[in-house]
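Chemist: Requesting a structural model of the entry that follows:
(2 chains)
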Amino acid sequence: MTRIGTALKWLLLVWMAVVIWAAFMWVPSASGFKGESSRIVFFHVPTAWVATLAFLVSCVASVMYLKRRSPQDDNRAAVSAGLGLVFAVLATVTGAIFAKIMWGAYWNWDPRQTSITILLLIYAAYFALRGAVPDPEKRATLAAVYSILAFVTVPFLMFVVPRIYWSLHPDVITNPDPDNRLDSAHLRVLLASLAGFTGLYVWLYTLGSRIEAIRHRRRQEVL
Amino acid sequence: MSRWLAEVLAVAGKDLRTEFRTRVALNALALFALTTLAAVSYTIGPYRLSAEDRPFLLSVLLWIVIFFAALAGLDRSFVKEEESHTAGLLRLAAAPTVVWAGKLVYNLVLILVLMAILAPLFCVLMGFEIVMPWRFVAVLAAGGFGLAVTTTIVAAIIAQAMTRGALFSVLSLPLLLPLLIFLIQGTTAVSTGDLATWSASLRAVLSMAGVMTVVSALLFPVVWRD
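Modeler: Numbering: from 1, shown residues only, chains lettered A, B, ... in the order given. Model (predicted):
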């Protein structure tokens, strides 16, 4: 098991290195974008995807906690929400850099930027709630409930707000215009990058869960 | 079903009766709203904004006043049960869904009373012209329902935590912000007479409030149990 784990870690290192190389060197710069700014898509989209995935995992772990009442599930939900916050910040920063180059300002409250800001606030509030409840069991229950409530708003922020309001954000996935699709080289690197970032998330998530499990065990031993 | 409804109304009636004896939450809501309205009206008044900015800016101000007033008063619904140590008795006396629905009705009544006072006053003081008054009432009612649903479940959560006052705003506002965006859009539309935007934003508000209702009805027994 540990040998496979080590091999996977090395594979991830090589994979990410190849993705970074391909994103900067192999893919030609896309037309219609200023300078080399289109290359940020290979990092912006995967971080946004991983943030969504992490929030989904946190929500699922919260549901599992309410069903099974195992402290492990609470730890998983907290670890995944923390990772989701980190990746959401990365997506925001990469998006802001792209916005500065393409549209002239880091921040203009585009609907996408609004949505991600609200998401960041929600999950920051999740950790504020965790900090405010001293009893571990009660903390786990209340945090699980809030995490599920928070995830309910995610589809509205991701899909409804950008549809109702006019947005500058490039819309590649649901774009009906065939001329505006990614060409095959871009698509290949983007998919590879998505796979790499997902792998990175899985690794960080298992690492975080293991640390939390050890911490939990230590606390049990001390008490 | 009718028995369930009678129990819900009993819980809501009990809360409203105790509320009208002390008027803690109502005073907090109404005075917060009135002082904010006075500050806004004094600094901006009916003539300061240019005509094309009016519908949007005035909708923003109206909803900000309503939201912050709601955050100042609506956390009382569960906190007061914990403070007066009556939560245990309520747990024994009524089923969790009954308590949830009763508190929801109570919060809804408070917020609707607030809106009934505040919205006309705001329109008069700020010179806010509404082209479609009944559709404006629909936006207010839908917004009040969304606000009441969200604040009810968050109030139940924070009643179990420490540092309740600050935590209530911190937990509620992010959940309410999407609702706020749609409500401002809908209110701007009733002021300019834009029917398509009105219906789109009203549908968004109603679907969000509906999802919140279902999810919090399912989750409330978990929060309330211990």
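Chemist: In which helix or strand does the residue nearest to B:Val8 when sequence neighbours are not counted reside?
Modeler: Of all residues not flanking B:Val8 in the chain, B:Ala101 sits nearest, at 4.3 Å (Cβ to Cβ, 6 or more residues apart in numbering or on different chains). C-beta here means a position set from N, CA and C on the backbone, and glycine is covered the same way. Assigned by DSSP states H and E, B:Ala101 belongs to helix B:96-126.
Chemist: Give me the helices and strands touching that helix, please.
Modeler: Applying 3 or more Cβ pairs under 8 Å, 6 or more residues apart in numbering or on different chains; DSSP states H and E, one finds that helix B:96-126 contacts helix B:2-22, helix B:24-43, helix B:54-73, helix B:76-83, helix B:133-158, helix B:195-225.
Chemist: what packs against the top helix by length along chain A?
Modeler: Using DSSP state H to define each element, chain A has its longest helix at helix A:184-222. For helix A:184-222, the packing partners by 3+ Cβ pairs under 8 Å, 6+ apart come out as helix A:2-21, helix A:41-68, helix A:71-103.
Chemist: Tell me who's in contact with the closest residue to B:Glu7 other than its chain neighbours.
Modeler: Nearest non-adjacent residue to B:Glu7, counting by Cβ to Cβ, 6+ apart: B:Val98, 4.5 Å away. If you count contacts by Cβ atoms under 8 Å, 6 or more residues apart in numbering or on different chains, B:Val98 has them with B:4, B:7-8, B:11.
Chemist: Could you measure from B:Val98 over to B:Pro221?
Modeler: Remark: distance between B:Val98 and B:Pro221 (Cβ to Cβ, to the nearest Å) = 11 Å.
Chemist: do the same with B:Thr36
Modeler: Taken as Cβ to Cβ, the span from B:Thr36 to B:Pro221 is 36 Å.
Chemist: tell me the mean pLDDT for stretch B:159-173?
Modeler: Mean pLDDT, stretch B:159-173: 80.
Chemist: Can you give me the buried ones in that stretch?
Modeler: Buried positions in stretch B:159-173, judged by neighbour count with 16 or more other Cβ atoms under 10 Å in any protein chain shown: B:159-161, B:164, B:167-173.
Chemist: Tabulate these in CSV, adding columns for secondary structure and distance to A:Arg217.
Modeler: What follows is those, written out as CSV (DSSP: H, G, I helix; E, B strand; the rest coil; distance: Cβ to Cβ, whole Å):
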residue, secondary structure, distance to A:Arg217
B:Ala159, coil, 32
B:Gln160, coil, 26
B:Ala161, coil, 26
B:Arg164, helix, 32
B:Leu167, helix, 30
B:Phe168, helix, 34
B:Ser169, helix, 36
B:Val170, helix, 31
B:Leu171, helix, 30
B:Ser172, helix, 36
B:Leu173, helix, 37
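Chemist: give me the subset of the residues you listed touching chain A.
Modeler: The subset of these within reach of chain A, by Cβ under 8 Å from any Cβ of the partner chain, is B:160-161, B:167, B:170-171, B:173.
Chemist: interface residues of chain A facing chain B?
Modeler: A:66, A:114, A:118, A:121-122, A:124-125, A:128-129, A:132-134, A:138, A:141-142, A:144-146, A:148-150, A:152-153, A:156-157, A:160-161, A:164-165.
Chemist: thinking again about what came up before, of all the buried residues of stretch B:159-173, which comes closest to B:Phe145?
Modeler: Of all the buried residues of stretch B:159-173, B:Phe145 sits closest to B:Ser172, with 15.0 Å by Cβ to Cβ.
Chemist: Could you measure from the closest one over to A:Thr114?
Modeler: Taken as Cβ to Cβ, the span from B:Ser172 to A:Thr114 is 18 Å.
Chemist: Enumerate the residues of chain B near chain A.
Modeler: B:153-154, B:157, B:160-163, B:167, B:170-171, B:173-175, B:177-178, B:181-182, B:185, B:200-201, B:204, B:208, B:211-212, B:215-216, B:219, B:222-223, B:226.
Chemist: among those residues, which ones are buried?
Modeler: B:153-154, B:157, B:160-161, B:167, B:170-171, B:173-175, B:177-178, B:181-182, B:185, B:200-201, B:204, B:208, B:211-212, B:215-216, B:219, B:222-223.
Chemist: Let me see the contact set for the residue nearest the centre of chain A.
Modeler: Nearest to the geometric centre of chain A sits A:Ala51, at 1.2 Å (Cα atoms, centre = their mean). Contacts for A:Ala51 (Cβ under 8 Å, 6+ apart) come out as A:84-85, A:87-88, A:90-91, A:119.
Chemist: on that earlier part again, show me the residues of chain A next to chain B that map onto strands.
Modeler: Among those, no member falls in strands (DSSP state E).
Chemist: Tell me the buried residues within those.
Modeler: A:66, A:114, A:118, A:121-122, A:125, A:128-129, A:132-133, A:141-142, A:144-146, A:148-150, A:152-153, A:156-157, A:160-161, A:164.
Chemist: re the thing from before, quick one: which of the ones next to chain A among the buried residues of stretch B:159-173 is nearest B:Phe128?
Modeler: Among those, B:Leu173 lies closest to B:Phe128 (Cβ to Cβ), at 23.9 Å.
Chemist: my guess is the closest one meets A:Leu121, correct?
Modeler: Yes. Between B:Leu173 and A:Leu121 there is a contact under Cβ atoms under 8 Å: 7.3 Å.
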